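Novice: return a 3D structure for these sequence lines:
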Amino acid sequence: MSSSLDKLKALTNRLEEQLSQKETRSSSDEMNKSETIPTIPSPSVESLKKTEKNTSSDDIRKANILRVKALYEKLKIFEKSPNFDDIFIYKAMNLSGIGLKEEDFGEVREGKYIQIIAITYEPDKNGKKKAKNVSLGYFGKAEALDTTLKNEIIEFVLRWRYEKAFQNVEHYKDLIARVETSQETLI
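Specialist: Numbers count the residues shown, from 1 in each chain. Model (predicted):
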């Protein structure tokens with residue numbers, strides 16, 4: 001889990017650096033204020049390190065979920081999944097057209113379309129579970145993708161995965177508690 005946190009911290013740092021570079025380049029550009037959605041700033045790696053010792057995993061999780069929700073709204077995921085909580089029903093989430101592996105992290109694939117893909121498992125006509133891909137967001141051709149938007153898309157998927165990891169930890173804590181209760185009754 002700590003390596004996942006380290007990767008998330010490194011990603012946050014890279015995203016902040018790219019965003020600050022983008023902001024300095026485009027500081028003279030006017031933004032359309034009617035489409036601006038208030039954002040919750042991502043915590044810096046330094047602030048994460050400082051608060052990590054004094055902050056519980058519940059606080060980290062709350063901050064993460066707030067950022068996921070802000071990105072959910074900004075990326076208009078609500079158009080495909082109107083209920084925010086429903087996005088955590090999916091078993092996995094991935095990107096089409098942007099690399100997330102260590103060797104190609106953040107690289108857009110020329111000629112590809114950028115999409116956020118959610119994966120669920122549904123039974124087929126024989127009752128066998130089959131993977132089903134659901135597009136939660138379509139963002140056009142890779143070549144035309146704005147760097148800030150690309151970083152927000154990546155951040156959304158990674159933060160969704162981070163929250164999903166918290167949910168899995170809770171599930172296993174509950175199962176372990178049930179096993180421990182069972183052992184106590186046996187002794």
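Novice: give me the residue ranges of the chain where confidence is low.
Specialist: 1-9, 11-13, 15-55, 181-187 (pLDDT under 70).
Novice: and the longest helix for it?
Specialist: helix 147-186 (DSSP state H).
Novice: got the buried residues for that helix?
Specialist: 150-160, 162-166 (16 or more other CB atoms under 10 Å). C-beta here means a position set from N, CA and C on the backbone, and glycine is covered the same way.
Novice: list just the nearest of the residues you listed to residue 80.
Specialist: residue 156 (12.9 Å; CB to CB).
Novice: wait, that closest one touches residue 69, no?
Specialist: No. Using CB atoms under 8 Å, residue 156 makes no contact with residue 69, being 10.2 Å away.
Novice: and the longest helix of the chain, what does it pack against?
Specialist: helix 2-25, helix 57-74, strand 92-96, strand 113-123, strand 129-141 (3 or more CB pairs under 8 Å, 6 or more residues apart in numbering; DSSP states H and E).
Novice: picking that back up, what's the closest of the buried residues of helix 147-186 to residue 65?
Specialist: The closest of the buried residues of helix 147-186, once distances to residue 65 are taken by CB to CB, is residue 163, at 5.8 Å.
Novice: do you know how far residue 100 is from residue 121?
Specialist: As judged by CB to CB, to the nearest Å, residue 100 and residue 121 stand 21 Å apart.
Novice: repeat that for residue 137.
Specialist: 21 Å.
Novice: just residue 161 next, same as before
Specialist: 17 Å.
Novice: check residue 149 too.
Specialist: Applying CB to CB to residue 149 and residue 121 gives a distance of 30 Å.
Novice: apart from its chain neighbours, what residue comes closest to residue 129?
Specialist: Distances taken as CB to CB, 6 or more residues apart in numbering put residue 121 closest to residue 129, at 4.5 Å, once the chain neighbours are dropped.
Novice: bridging residues for the one you found?
Specialist: residue 131 (DSSP bridges).
Novice: from residue 174, how far out is it?
Specialist: Residue 121 is 21 Å from residue 174, by CB to CB.
Novice: same question for residue 65.
Specialist: From residue 65 to residue 174 the distance is 19 Å (CB to CB).
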